[in-house]
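**Q** I would like the atomic coordinates for the input below:
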Amino acid sequence: MSTVVRPVWAGKPQPVVLLLKALAILVALTVVLFPFLMVISTSLSSAADVTAAGGYVLWPRSVTFEAYEQILSGGLVTRAILVTAAVTAAGTTISVASTVLAAWALSRPSFFQRPVLMFVLLTFLFSPGMIPLYLMVKQLGLLDSLWSLILPSAFSVFNMIVVRGFMMGIPQELVDSAKIDGAGELRILLRIILPLSRAVIAVVALFYAVGYWNSFFNAMLYIDDTSKWTLQLVLRTYVLQGSSLVEASTDSVTPPAQSIQMAVVMIAIIPILCAYPLVQRHLTKGVLTGAVKG
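**A** This next block holds a predicted model:
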């Protein structure tokens, strides 16, 4: 009777190996969570706690929401949140629509499919650069317009390739049967392809939404009006420079600058933290399937 010898990676790990893995995970979690805990604690700390800790608090003795109330009571930060939410919603919708339409068109067999696809892939090798892009935005009259935060980054070739690969993996028999029933290309896309592509579309939408929400460079280049600044630009400008985000008031006690800055950081992080769990189950299926079959 022969004994089957398993490879090293298929065997049961030794207790020492499991212990080392647990320690590595613990160290990684500590490195990630320690600054996050400091941000949360500082944003919820009173002026006395911040002063006692010398700037940033690891664990507040008294929890207060004065910093959040101050920045959400109107003014620069509140306006920046609304601008960022509007840009993210509109940009994600436009980007997903253009990506899906381009992916569906380039996944269909035709005479122009390969030349157009090669032309699109060339953009991976040749980037227009910052100055030509700025001149184009200026010539189009988009300076100081929220459209300058959406249109220059409305289409991603990488995301299109992922969606195209996913759509090419859908059985051709479904499309052929729909054509026999008299369905056109648009109806096939809306009734058959999109429902089957929910996973990859959810992942691509998340990529676009995170990109729009975290973007600050386009706003720094194209927006001069502070009333149209995005949250990330406000965060970069005021937090990195150490300036106060609110004006001092004689009627009420102004929270410390560190608490206000960390509160803005938390407001910028929370939407992304809430978005990831919603599409987590689609990440592996959407990205890997599209990449492998593309």
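**Q** so V204 makes contact with T99?
**A** Yes: in this structure, V204 sits in contact with T99. The criterion is C-beta atoms under 8 Å, and the distance is 6.1 Å. Every C-beta, even on glycine, is put in place using the N, C-alpha and C of the backbone.
**Q** which residues are common contacts for these two?
**A** With C-beta atoms under 8 Å, 6 or more residues apart in numbering applied, the overlap between the contact sets of V204 and T99 consists of N159, V163.
**Q** how many neighbours does the residue nearest to M167 when sequence neighbours are not counted have?
**A** By the measure of C-beta to C-beta, 6 or more residues apart in numbering, the closest residue to M167 outside its immediate chain neighbours is S107, 4.4 Å from it. Using other C-beta atoms under 10 Å as the criterion, S107 is surrounded by 20 other residues.
**Q** so how far is stretch 12-32 off the chain centroid?
**A** Taking C-alpha atoms, centre = their mean, to the nearest Å, the mean C-alpha location of stretch 12-32 is offset from the chain mean by 29 Å.
**Q** now the helices for the stretch 1-150 of the chain?
**A** With DSSP state H, counting those that start in this stretch applied, the stretch 1-150 of the chain shows helices at 15-43, 47-53, 66-71, 76-107, 113-121, 130-139, listed in chain order.
**Q** Out of those, which gets nearest to R187?
**A** Closest to R187 of the helices of the stretch 1-150 of the chain, according to C-beta to C-beta: helix 76-107, at 12.1 Å.
**Q** Output the below-cut-off pLDDT ranges for the chain.
**A** Applying pLDDT under 70 to the chain flags residues 1-11, 239-253, 279-294.
**Q** what comes up buried for stretch 166-185?
**A** For stretch 166-185, a neighbour-count test (16 or more other C-beta atoms under 10 Å) marks F166, M167, M168, G169, V175, A178, A183 as buried.
**Q** Next: stretch 130-144.
**A** Applying a neighbour-count criterion of 16+ other C-beta under 10 Å, the buried positions in stretch 130-144 are L133, Y134, V137, L142.
**Q** Adding distance to D224, write the helices of the stretch 1-150 of the chain out as CSV.
**A** As requested, the helices of the stretch 1-150 of the chain are arranged in CSV below (distance: least, C-beta to C-beta, whole Å):
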stretch, distance to D224
helix 15-43, 30
helix 47-53, 33
helix 66-71, 23
helix 76-107, 14
helix 113-121, 33
helix 130-139, 12
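**Q** Of those helices, which is nearest L196?
**A** Closest approach to L196 among those (C-beta to C-beta): helix 76-107, 11.8 Å.
**Q** quick one: the closest one to chain centroid distance?
**A** Taking mean C-alpha positions (C-alpha atoms, centre = their mean), helix 76-107 and its chain are 11 Å apart.
**Q** Which strands and helices lie in contact with it?
**A** Judged by 3 or more C-beta pairs under 8 Å, 6 or more residues apart in numbering; DSSP states H and E, helix 76-107 is in contact with helix 113-121, helix 157-168, helix 198-214, helix 231-234, helix 257-293.
**Q** okay if I get those helices as TSV plus distance to V77?
**A** Output for those, formatted as TSV (distance: least, C-beta to C-beta, whole Å):
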stretch	distance to V77
helix 113-121	39
helix 157-168	30
helix 198-214	15
helix 231-234	6
helix 257-293	6
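**Q** Which one, of those, ends up nearest to P60?
**A** Using C-beta to C-beta as the measure, helix 257-293 is the one of the helices and strands packed on helix 76-107 that comes nearest P60, at 9.5 Å.
**Q** Just give me the neighbour total for L221.
**A** Around L221 there are 16 other residues, counting by other C-beta under 10 Å.
**Q** try T226
**A** T226 has 12 neighbouring residues, counting by other C-beta under 10 Å.
**Q** need the contact list for the residue nearest the centre of the chain.
**A** Against the mean C-alpha coordinate of the chain, by C-alpha atoms, centre = their mean, the closest residue is V210 at 1.2 Å. V210 makes contact with I272, A275 under the criterion C-beta under 8 Å, 6+ apart.
**Q** And for the one 3 residues further on?
**A** Neighbouring residues of W213 by C-beta under 8 Å, 6+ apart: T84, T88, L231, Q232, A268, P271, I272.
**Q** any idea which of those residues is the one closest to I40?
**A** Closest to I40, out of all of those and judged by C-beta to C-beta, is A268, at 13.0 Å.
**Q** neighbours around the nearest residue to V265 once chain neighbours are set aside, how many?
**A** Counting by C-beta to C-beta, 6+ apart, V39 is the residue found nearest to V265 once chain neighbours are left out, at 5.4 Å. Using other C-beta under 10 Å as the criterion, V39 is surrounded by 18 other residues.
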